[in-house]
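Student: structure, please.
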Amino acid sequence: MSSSSESRCVVVGSDSSSESDGMFLHNALQWMEDTASCNAVHNRRTIERQRELGHQILLNDWFVDEPKYDDAYFRKKFRMEKSMFLKIVANIEANFSYFGDGFVKNFEFFDARWRGSFKPLQKVASAVRQLATGNPPDEYDEYLHMAARTGRDSLDHFCDAIIKLYGREYLRRPTQHDVPHIFQAHEECHHMPGMLGSIDCTYVEWLNCPRHLKGQYTRGDHGVPTIMLEITASQDLWIWHAYFGAPGSNNDINVLNQSDLYNTERNGTTPDSSFVVNGRQYKRGYYLTDGIYNKDSAFVKAYQYPTDPKEK
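Tutor: Take a look at the predicted model:
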């Protein structure tokens, strides 16, 4: 009886000991994790980028009364007119809180640490330069004093803002209301009634093309990987059709056969683009093209030797 009781005491003691040891190990591991996380936070590398200095450099280069660079050079770098750029900045700043990051005091933007935040001009400039050049976001760290993460966030928010602000007016195909205005403008400017716009393809060099795709996207006359871009534009440079991504080894005809230019014609949702010339009615408008396109009722090729009606 005593031996049984003694054995039971040994068993109970051993369970308590193992449970205590397990708790000790658990607490020790928890302490090590907390210590490591604290050290990681305190040892995290930070860079004082002097964002205020970057904003002042941007102003001095482009946006003061006597900037370092003229408007023509601005268009070359940003791929748009300066007046359009400033209008976009003003519209985005007025409608999206991200571009006024932080709260406002005396018309200055501050973050939670009462440090001046990046100005809307810096964020939009970073996004536009990324789109214009195709360079990665950290390419402008030394110039705009902006980290790569902030540059990526600015680009994402900028694209969303452009779609929400201008999508209904510009990022769309012509409607039944737009077609007569397009016809009238082209007839007045080019004396070509029934013209919907000009269509052409261009080659954009793909600097970061993966090695296994270079053969597919390289043409002999270019020597470097390119991506073909098909665009249809009206007289006021309204690009209402853009199809890109086709391999550079294709040509204008191959891209046209792949693009969605005539999807509305196929599904019957295209607006009425009929017109009348010399008493004859045509069912649909046409596009001004160059010589590579096939002969078709939807394509009109430019005259190689245009003549002035006054000389006749």
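Student: from here on, just use CA atoms for contacts and neighbour counts.
Tutor: Fine.
Student: can you give me the helices in this structure?
Tutor: For the chain, the helices defined by DSSP state H cover 2-42, 51-58, 71-78, 82-95, 120-133, 141-144, 148-166, 178-190, 252-258, 263-267.
Student: and the gap between residue 177 and residue 65?
Tutor: Relative to residue 65, residue 177 is positioned 41 Å away (C-alpha to C-alpha, to the nearest Å).
Student: weakest of the helices of the chain in terms of mean pLDDT?
Tutor: Note on the helices of the chain: helix 2-42 shows the lowest mean pLDDT, a mean of 52.
Student: where do the strands sit along the stretch 151-300 of the chain?
Tutor: 195-205, 226-233, 239-247, 275-277, 280-282, 286-289, 299-301 (DSSP state E, counting those that start in this stretch).
Student: contacting residues around the second one?
Tutor: This means strand 226-233. 197-206, 217-219, 239-248, 250, 252, 255-256 (C-alpha atoms under 8 Å, 6 or more residues apart in numbering).
Student: and for stretch 144-164?
Tutor: By C-alpha under 8 Å, 6+ apart, the residues outside stretch 144-164 that reach it are 49-51, 53-55, 57-58, 92, 96, 98, 122-124, 126-128, 130, 137-138, 140-141, 171.
Student: okay, now the closest residue to residue 126 other than its chain neighbours: neighbour count?
Tutor: By the measure of C-alpha to C-alpha, 6 or more residues apart in numbering, the closest residue to residue 126 outside its immediate chain neighbours is residue 151, 6.2 Å from it. Residues near residue 151, counting by other C-alpha atoms under 10 Å, number 24.
Student: and residue 205, how close does it get to residue 151?
Tutor: Going from residue 205 to residue 151 by C-alpha to C-alpha gives 23 Å.
Student: re earlier: list only buried entries from the contacts of strand 226-233.
Tutor: Using 16 or more other C-alpha atoms under 10 Å as the burial test, the contacts of strand 226-233 include 197-201, 203, 205-206, 217-219, 239, 241, 243-244, 246-248, 252, 255-256 as buried.
Student: how close does the residue nearest to residue 299 when sequence neighbours are not counted sit to residue 297?
Tutor: Sequence neighbours aside, residue 287 is the residue nearest to residue 299 in space, at 5.0 Å (criterion: C-alpha to C-alpha, 6+ apart). To residue 297, residue 287 is 9 Å away according to C-alpha to C-alpha.
Student: hang on, isn't residue 199 packed against residue 289?
Tutor: Yes - taking contacts as C-alpha atoms under 8 Å, residue 199 lies within contact range of residue 289: 5.7 Å.
Student: any idea how far residue 294 lies from residue 67?
Tutor: 49 Å.
Student: what of residue 229?
Tutor: 34 Å.
Student: who's more crowded, those two?
Tutor: For residue 229 and residue 67, the more surrounded residue by other C-alpha under 10 Å is residue 229, and the numbers stand at 19 against 13.
Student: tell me the bridge partners for the more buried one.
Tutor: Beta bridges link residue 229 to residue 202, residue 244, judged by DSSP bridges.
Student: with residue 282 instead?
Tutor: Assessed by DSSP bridges, residue 282 has beta-bridge partners residue 275.
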